[in-house]
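Chemist: sharing a model prediction with you, sequence too.
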Amino acid sequence: MEPGAMLTWTLQQEIPVPADVLPLLVQGEEAVASFKTFRDSATFTTRRLIVRDAQGITGKKVEIYSLPYGAINMWSSENAGTLDLNSEVELWTRAGHIKIKLARGADVRRIDSLIAWAVLSSGGRS
């Protein structure tokens, strides 16, 4: 991510942890919750947020983002309003600013509590 660039992900409904995420985990790391994204998934683990982003027409090219919780300096959450149908979570990290948009199927308070647990608990101190 280039300096000043903002990364944006959209999370949809919560899903079972995808099997292809498990080989990405290190010893002692466990998957906690996964969410469907536009073309792939985002998984909260005991140590980081892993976002898999399938690319191209076939989706065979996959970019994987790994955000250790210790890199998150601050976050905010905003629930959907009457006219604004999407909720949002924003993360300010050592790598830059990340915006997570939440579709109707994703619970902003669930995401907020996962981030709070990850950053503020021992899970966030990697």
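Modeler: Structure received.

Chemist: only C-alpha atoms for contact and neighbour calcs from this point on.
Modeler: OK.

Chemist: any buried residues in stretch 18-30, and which?
Modeler: 18, 21 (16 or more other Cα atoms under 10 Å).

Chemist: quick one: contacts of that stretch?
Modeler: Contact partners of stretch 18-30, identified using Cα atoms under 8 Å, 6 or more residues apart in numbering, comprise 31, 34, 41, 43, 45-47.

Chemist: cool, stretch 67-84 as well?
Modeler: So stretch 67-84 is contacted by 47-50, 86-95, 108, 112, 118-119, 123-126 (Cα under 8 Å, 6+ apart).

Chemist: out of those residues, which are inside strands?
Modeler: 48-50, 87-93 (DSSP state E).

Chemist: which of these sit farthest apart?
Modeler: The two members of these with the most space between them (Cα to Cα) are Arg48 and Ser87, at 21.6 Å.
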